[in-house]
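Asker: coords please:
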Amino acid sequence: MNIILDTNVLFSAIRSSLGASYRLLQRIDQTSLQLHISTPLVLEYEAALKRNKSLSDTDVEAVVDYLCHISEKHGIFYLWRPVLRDPQDDHILELAVKTNAMIITWNLKDFVPAAQFGLTVETPRGLLKLLENL
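Answerer: The predicted structure follows:
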């Protein structure tokens, strides 16, 4: 199953080991999931984690390097902006269209237009439930 993690999911997983985001991140390389990334998404991950200040820069780099290691990397050239309510998230939609991936986010309302591209948007909790039923 192809997936893209919105930055809020990664941020939630790093902040707390109690939630669905953390459980999903723990399973990301042990399941049938294929994570997809692009340069803008990696830069967003890094910037958000460094702003948090709960991790050292070295730890942030280790997390981002790990995600890059296990992910399929893509260049994005569509630039259909703006499509989403938050134009800062359009690069995620563009990556999802290219890879036919499910967008995993806590902000489902931000990605409502993804449906017009035939894409699924799910929360980390929802994805974990889907995986349990496979």
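
Asker: surely residue 68 touches residue 37?
Answerer: Yes. The criterion here is C-beta atoms under 8 Å, and residue 68 meets it with residue 37 at 6.6 Å. C-beta coordinates here come from the backbone N, C-alpha and C atoms, glycine included.

Asker: average pLDDT across the one helix or strand residue 45 maps to?
Answerer: Using DSSP states H and E, residue 45 sits within helix 39-52. Helix 39-52 shows a mean pLDDT of 94.

Asker: list the contacts of that helix.
Answerer: 4, 7, 10-11, 14-15, 55, 57, 60-61, 63-64, 67-68, 75-76, 91-92, 95 (C-beta atoms under 8 Å, 6 or more residues apart in numbering).

Asker: so how far is it off the chain centroid?
Answerer: For helix 39-52, the separation from the chain centroid amounts to 11 Å (computed by C-alpha atoms, centre = their mean, to the nearest Å).

Asker: alpha carbons of it, as PDB, please.
Answerer: The C-alpha coordinates for helix 39-52 follow below in PDB (Å, rounded to 0.1, in the frame of the first residue of the first chain):
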ATOM      1  CA  THR A  39      12.300  17.000  -1.800                       C
ATOM      2  CA  PRO A  40       9.700  19.500  -0.600                       C
ATOM      3  CA  LEU A  41       8.200  17.000   1.800                       C
ATOM      4  CA  VAL A  42      11.600  16.100   3.300                       C
ATOM      5  CA  LEU A  43      12.400  19.700   3.700                       C
ATOM      6  CA  GLU A  44       9.100  20.300   5.500                       C
ATOM      7  CA  TYR A  45       9.700  17.300   7.800                       C
ATOM      8  CA  GLU A  46      13.100  18.600   8.700                       C
ATOM      9  CA  ALA A  47      11.900  22.200   9.300                       C
ATOM     10  CA  ALA A  48       8.900  21.100  11.500                       C
ATOM     11  CA  LEU A  49      11.000  18.800  13.600                       C
ATOM     12  CA  LYS A  50      13.700  21.400  14.100                       C
ATOM     13  CA  ARG A  51      11.200  24.000  15.200                       C
ATOM     14  CA  ASN A  52       9.900  21.600  17.800                       C
END
